[in-house]
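> Just the structure for this:
(2 chains, ligands or ions: 2)
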Amino acid sequence: MGKMHIKLTVNGKQEELLAEPRELLIHVLRERLGITGPHIGCETSHCGACTVDMDGKSVKSCTVFAAQANGANITTIEGLGNPDGLHVLQQMFKEHHGLQCGFCTPGMITRAWRLLQENPNPTEEDVRFGMAGNLCRCTGYQNIVKAILAAAAELNAAKEAAQ
Amino acid sequence: MNEMTPPKAERAEALKGLGTARKRVEDARFTQGKGNYVDDLKLPGMLFGDFVRSPYAHARVKSINADKAKAIPGVIAVLTADDLRPLNLHWMPTLAGDVQMVLADGKVLFQGQEVAFVVAEDRYIAADAVELVEVEYEELPVVVDPFKAQADDAPVLREDLAGKTEGAHGPRRHHNHIFTWEQGDKDATDAVLGSADVVAEEMVYYHRTHPCPLETCGCVASMDKVNGKLTVHGTFQAPHAVRTVASLISGIAEHNIRIISPDIGGGFGNKVGVYPGYICAIVASIVTGVPVKWVEDRMDNLMATAFARDYWMKGKIAATKDGKITGLWCHVTADHGAFDACADPTKFPAGFFNICTGSYDIPTAYLAVDGIYTNKAPGGVAYRCSFRVTEAAYFIERMIEVLAIELGMDAAELRAKNFIKKEQFPYQSALGWEYDSGDYHTAWDKALSAVGYTELRKEQAERVEAFKRGETRKLLGIGLCHFTEIVGAGPVKNCDILGLGMFDSCEIRIHPTGSAIARLGTISQGQGHATTFAQILASEIGISADDITIEEGDTDTAPYGLGTYGSRSTPVAGAATAMAGRKIRAKAQMIAAYLLEVHDNDVEWDIDRFMVKGAPERFKTMKEIAFASYNQAIPGLEPGLEAVSYYDPPNMTYPFGAYICVMEIDVDTGEHEIRQFYALDDCGTRINPMIIEGQVHGGATEGYAIAMGQELAYDDMGNVKTGTLMDFFIPTSWETPHYTTDHTVTPSPHHPIGAKGVGESPNVGSVPAFSNAVHDAFRPFGLKQAHMPHDHWRIWKIARDLGLHG
Ligand code: FES
Ligand code: FES
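Ligands and ions are numbered 1, 2, ... in the order given. All right, here's what the predicted structure looks like:
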């Protein structure tokens, strides 16, 4: 099958590769670029384990062709924290026991990261609704919701302090 | 006290031992996407395997032609049963004493069955090749109903068993019959039923579902032809057992097999069994000489690996007029699918279903279970429960409700009247178990008052009146459940899997600078073992949990153990950890005495040190002792500080709990809303309250799914109707209820630290609570029994059938 020349920015880094038009973004990330944070839980857009951020939107990368991602700016879980420390969301997931097996976690946090930009002051309902595209089999969500609300509060407090 | 010695409380806190809500050490890596799951593994030259699966539930395989598939560039091989036959690997033993086809041998017996294994350079090429393998089938009549499967003229499913009247668990009485398992006293139970004041009778069905962890099953098999060593990384809940089984069936010496369970993305019983994918990947690696990866997709997972439940439970429960239960009778028709691949201890073909007398003092009982073959996938695993315990708990908790209706009694009162009393423990049940400890009345009273039970009943009665007056279309259901679990298999004398005794193990090494590593025979799938086992150890050996590494899952380094399922990690491996810790402490005592120049008996343990009795200023901390063990020649003692313990528990443990669900039901749409869910768990000594709470939330959410919509449904042709997450219900954060957790503490008398295990209680306890809430809402209108899952459509049908739609 003919290959396409694709350019992407992933976590701030320019990437260029040849991919079949049918190749899925999740496979490009995981198998070609070695970015294994986003996981595969269903390949049918239901579970959200593969969630990444593409040009300012949460997307399920199992349902995006690499070809569609040509020229896009992608952020994955690996791009959230920095070598010196965890992102507030990552800290709060740990603090509030928002994960168990960890398989949904990268997708969860990446989605929550976008959610809190879309809505910096969410209610519990907002969080439960805004996270409904990401399934977790272990936690029952209660502590995930708690972690996201706590992160929102922290981020807002930091913002206020900076002003 | 020495001025330099911090107070006891401070030192104890620094250990982060038992009872601390210690944050998880696993989380730093998981939250950063640095977990190491099997599909993350990429080995040089690695190939990718994928299955051609049967579209039919029952068919003869006339021919397989892989020529077109093999012609695609990048396809390395296509394996069929004929290729595996010379190695005698076309069939494999199951954990239940049956055999299962690895690849279709002449026929297929369920939709999704493995027919051929394609090996290719990447997963896309493999998928293309799967499409091009031409299989010619001849359809055969399909049986998906375990009752119809027992008809005289029912199609013969297992031709390989023709003429075999004796199975792994005794006589077979029909060509689709697997076993009959009987417990208790039949004649005595019949006599009690015959003369009882009241007998309530019901058929309770616990439908087929699936553990569906977010990560599917998979492995990477790698045969190193140079040194003859086979390494298999995979999603294994029992890595050592897999190694032994792999050795027995492949003929490769056990020391030349290394099984590694990396991070596992949830198991819930799905990852206990041995699947054709593992065998095929291993064979393919041996044949090609390079690593081969096989990872299921979600459809493969739901269709082919490890369903759970599917128990038809007919019950009769006898009582006096005033509600004292006198006897219980139960017959189960167990649909095992096409091969008996249940993951139960060998002597228990229906697991521990004989815990079905539940929390009640029932003097006389009888149970019979018939295992039946049908054209469905094999499995029958314990989906976040101990072996068949959730089925048992659902059965008895439904029978109690049915009896309450028969007696016209409040179901909470009926339970309290029949609980085993605190002073009756250890309690011998009529079906053969010895319950270790419990205090059911205390837990029950606490639960009832926490939810305001009396007021709720009043509100419910008012609601019914308002409904009848046409003022509301919503009903209120109060779902009660008091469950008793049986976990921690188990005593080696009666629990084994494939002849391997179900002990577990821990090996500890203390380093010279006073930190430590402990290795166990279990494997975490999200339970946080690296966190909690370090806590058990910290309290035993006085070294901070932060200074203890926990390692599991590599059979080359970990001591032999039977793995993690059936809530056995804490009861068995947790006990082994404590016992190994005690061995360390015993040696440390001798070293301390030597260093302090006193007799062994003149020093005593004080949190993180040994001190001279009566002279607390004279002590040696564990750090000092650790160093001394490496740098001093102590007469009569070997250098170093290490210990290993293989723990064979004297009994199982019996965690219990009281769960209450308050549910609003819309009669016209069948929709429900969980207003309150209260979960009280008693898991004995609590190791980490934060992790316990998380386990309860997660287990209860699985229970919510199962009770309210999750189902592995088949049509009459044996087609799987719920093969994707579109149809197979997994609740999102939106539907999932909020949980209130609570606890009482009744330690296990025989466990070294009194812990009982908790991971599975919430699944066991919540399913009856949710289901009973639905039933309870309709009880005033005459509903006795409605089968799960209670999705909107089915609830709507209940209302319609009761004439509530006007
Ligand atoms: S893998 Fe993409 S949504 Fe499940
Ligand atoms: S933590 Fe296991 S799926 Fe969410």
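> neighbours around B:Ala162, how many?
Using other Cβ atoms under 10 Å in any protein chain shown as the criterion, B:Ala162 is surrounded by 8 other residues. In this view, the C-beta of every residue, glycine as well, is placed from N, C-alpha and C.
> Show the pLDDT at it.
With respect to pLDDT, B:Ala162 has a value of 92.
> Tell me if I'm right that it and B:Val156 touch.
Yes - using Cβ atoms under 8 Å as the test, B:Ala162 is close enough to B:Val156 to be in contact (7.2 Å).
> Give the residues shared as contacts by these two.
Counting by Cβ atoms under 8 Å, 6 or more residues apart in numbering or on different chains, the shared contacts of B:Ala162 and B:Val156 are B:His175.
> Can you pull the residues of chain A lying near ligand 1?
A:Ile40, A:Gly41, A:Cys42, A:Glu43, A:Ser45, A:His46, A:Cys47, A:Gly48, A:Ala49, A:Cys50, A:Lys60, A:Cys62 (Cβ under 6 Å from any ligand atom).
> Residue 52 is in what secondary structure piece?
Just going to use chain A. Secondary structure here is read from DSSP states H and E; on that basis A:Val52 sits in strand A:51-54.
> That was the other one, I meant chain B.
Here B:Val52 sits within strand B:47-53, counting by DSSP H and E.
> now swap in B:Arg258 and tell me
Using DSSP H and E, B:Arg258 falls within strand B:257-260.
> Restricting to C-alpha, output that strand in CSV.
C-alpha atoms of strand B:257-260 as CSV (Å, rounded to 0.1, in the frame of the first residue of the first chain):
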residue,chain,number,x,y,z
ILE,B,257,11.0,-21.1,30.9
ARG,B,258,10.8,-17.6,32.3
ILE,B,259,7.3,-16.1,32.7
ILE,B,260,7.1,-12.4,33.3
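> Report all helices and strands that it contacts.
Packed against strand B:257-260 by the contact rule (3 or more Cβ pairs under 8 Å, 6 or more residues apart in numbering or on different chains; DSSP states H and E) you find strand B:229-234, helix B:239-250.
> can you tell which of the ones you listed is closest to chain A?
Closest approach to chain A among these (Cβ to the nearest Cβ): strand B:229-234, 13.9 Å.
> That closest one pairs with which strands, parallel or anti?
With DSSP bridges as the test, strand B:229-234 is paired with strand B:218-224 (antiparallel), strand B:257-260 (parallel).
> Kindly state the beta-bridge partners for the nearest residue to B:Val598 once chain neighbours are set aside.
Counting by Cβ to Cβ, 6 or more residues apart in numbering or on different chains, B:Val612 is the residue found nearest to B:Val598 once chain neighbours are left out, at 5.7 Å. Listed by DSSP bridges, the beta-bridge partners for B:Val612 are B:Val603, B:Ala615.
> Just tell me which of the strands paired with strand B:229-234 ends up closest to A:Thr76.
When those are compared for distance to A:Thr76 using Cβ to Cβ, the nearest one is strand B:218-224, at 21.3 Å.
> who's in contact with that closest one?
Identification of contacts with strand B:218-224 by Cβ under 8 Å, 6+ apart yields B:38-39, B:41, B:43, B:46, B:229-236, B:277-278, B:281-282, B:284-286, B:289-296.
> Now, the residues you listed that are in helices?
Members of the contacts of strand B:218-224 lying in helices (criterion: DSSP state H): B:Gly277, B:Tyr278, B:Ala281, B:Ile282, B:Ala284, B:Ser285, B:Ile286.
> related to what we said a few turns ago, quick one: residues in contact with the strand holding A:Val52.
Residues outside strand A:51-54 that contact it (Cβ under 8 Å, 6+ apart): A:25, A:29, A:38, A:58-61, A:64, A:69, A:72-76, A:106-108, A:110-111, A:113-114, A:133-134.
> at 10 Å instead, please
If you take Cβ atoms under 10 Å, 6 or more residues apart in numbering or on different chains as the criterion, strand A:51-54 is touched by A:8, A:10-11, A:25-26, A:29, A:35, A:37-39, A:58-62, A:64, A:68-69, A:72-80, A:104, A:106-114, A:117, A:133-134.
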